[in-house]
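Trainee: Give me a 3D structure for the following:
(one chain, ligands or ions: 1)
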Amino acid sequence: MSDDDYSLDDYVNDLREISAQTQDHRAIIGKVRPLARRLALAKTWLKDAHYECNAEQGFGVHLLHEETDHTLAVFAVSWLPGGGAPPHNHGTWAVVAGVDGPEENSFWDRVDDGTREGHAEIVKRAAKDFAEGEVVALEPDHIHSVLNKTDATTVSLHTYGLHVNYTGRSRYDVEKNLEIPYVVVEQ
Ligand SMILES: [Fe+2]
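Mentor: Numbers count the residues shown, from 1 in each chain. Here you go, the predicted structure:
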């Protein structure tokens, strides 16, 4: 365990201060990134229950905090071995920090012009493993997918400008070139 006592409450207070200072999501991401890493490594908030997953979904979504208007949503997300999320965007800024175990993130580019409702073509640009304390930061329209390639359940700390089930975000079916509304099941 870390000897850093940085807590979830400390983090939420910092998020409130940052979001009161600026609406610019790039500026927010820049300020949240080191704090998310700090909280992920401090593990002051982590409980055994955060490792519980939804088998059908392949991962478990544990809400740690959100404001009453669903902004500043913080989750522990756990991933079953072989579990993952399909390519998706967030419709809000996102900062994800590794807590326990590496998770592979793939980054996708949208290549169609977005004019056909429900149609989307995306291509994979890069993939990288993110270990404990490493941070993935994504702007609202960025597309990524996640895969736990290990044989143990992994956990990461996810922070969003707005709870992702309220942003109207999408997932992408790469085979069928579809853009589909994406809502996650919480534990
Ligand atoms: Fe995501």
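
Trainee: so where do the helices sit in the chain?
Mentor: Secondary structure of the chain, counting by DSSP state H: helices at 8-21, 25-42.

Trainee: Just put the ones you listed in CSV and tack on mean neighbour count and distance to residue 99.
Mentor: (Each C-beta comes from the backbone N, C-alpha and C, glycine too.) Converted to CSV, the helices of the chain look like this (neighbours: other C-beta atoms under 10 Å; distance: least, C-beta to C-beta, whole Å):
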stretch, mean neighbour count, distance to residue 99
helix 8-21, 15, 13
helix 25-42, 19, 5
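
Trainee: closest to residue 91 out of these?
Mentor: Using C-beta to C-beta as the measure, helix 25-42 is the one of these that comes nearest residue 91, at 11.1 Å.

Trainee: From the rest of the structure, what touches the closest one?
Mentor: By C-beta atoms under 8 Å, 6 or more residues apart in numbering, the surrounding residues in contact with helix 25-42 are 2, 4-8, 10-11, 14-15, 18-19, 21-22, 45, 92-93, 95-99, 132-135, 137, 139-140, 156-157, 159, 161.

Trainee: Over to stretch 118-125?
Mentor: If you take C-beta under 8 Å, 6+ apart as the criterion, stretch 118-125 is touched by 87, 106-112, 114, 143, 170, 172, 174, 177-180.
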